[in-house]
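A.B. asks: Turn this into a model:
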Amino acid sequence: MKWDWSAVADFMPYFWDGLLVTLQILVLGSLISFALGLVWALLMRVPTRWVTWPVGAVTEFVRNTPLLVQLFFLFYVLPEWGITFSALTTGVFAIGLHYSTYTMQVYRAGIEAVPVGQWEAATALNLPLRRTWTAVILPQAVRRVVPALGNYVISMLKDTPLLMAITVLEMLGEARLFAQQQFQFTEPLTVIGFAFIVISYLASLALRALERRLVH
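C.D. replies: I've put the predicted structure just below:
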């Protein structure tokens, strides 16, 4: 086997296109998972089973079924019911929804870790419930769970190649396309392998920096 630098050069336009799509999936999917996970966590604290049971059932179902199955269902089954989205939109929503069921548990742990005295102080000050959550509880809860949320971002990055199954050309999809056209697999697959390592490493550094900033 001989390493071909010209193949690497030829692959770079494909790589940049795939990298852009991968980062789009990662950023938008993370935003959806963070926002929706917080909604799930708050709904699970509503003191009525008419809310907590359906939310619990939905999140358990999503968390315990494979992401690939969810991708296929959203992309291939929903169009039969007249609901159609682009492959990228479907993939972003699916990965965000899937990981929201995990971030929900992270938020739940963060909220439960807020000292009872904080709740009592908010009650003593006669703060409205909305103000209690936005000014007292959530800032402390989120600060505690940033490392765990960051770990899910890295996990989400590693799952982005699954979107290739519904025709999304992220990094692995572009590498596969190039390899099939040029019959050269080693160079493109090696490049994206290193790219995943570098992106994961940079994300972990950013996470540590943010964690230190929140602590101090």
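A.B. asks: hey, let's count contacts and neighbours off CA atoms from now on
C.D. replies: Fine.
A.B. asks: Point to the residue nearest the middle of this protein.
C.D. replies: The centroid of the chain falls nearest to Ser30 when counting by Cα atoms, centre = their mean (3.8 Å).
A.B. asks: After whatever helix or strand it lives in, which helix or strand is next? Please name it.
C.D. replies: Following DSSP states H and E, one finds Ser30 within helix 5-43. Next helix or strand after helix 5-43 toward the C-terminus (DSSP H and E): helix 49-63.
A.B. asks: quick one: low-confidence ranges for the protein?
C.D. replies: 1, 214-216 (pLDDT under 70).
A.B. asks: where's the residue sitting furthest away from the middle of it relative to Arg45, distance?
C.D. replies: Distance from the C-alpha centroid of the chain, by Cα atoms, centre = their mean, peaks at Ala124 (37.9 Å). Distance, Ala124 to Arg45, by Cα to Cα, to the nearest Å: 21 Å.
A.B. asks: And for Thr134?
C.D. replies: Thr134 is 15 Å from Arg45, by Cα to Cα.
A.B. asks: next one: Leu149
C.D. replies: From Leu149 across to Arg45, the span is 20 Å (Cα to Cα).
A.B. asks: Neighbour count: those two, which is higher?
C.D. replies: Leu149 (22 against 12; other Cα atoms under 10 Å).
A.B. asks: That one is in what secondary structure piece?
C.D. replies: According to DSSP H and E, Leu149 maps onto helix 138-159.
A.B. asks: Contacts for whichever helix or strand comes after that helix, please.
C.D. replies: Downstream of helix 138-159, the next assigned helix or strand under DSSP H and E is helix 171-182. With Cα atoms under 8 Å, 6 or more residues apart in numbering as the test, helix 171-182 has contacts from 11, 14-15, 17-19, 21-22, 161, 164, 167, 184-185, 188-189, 192.
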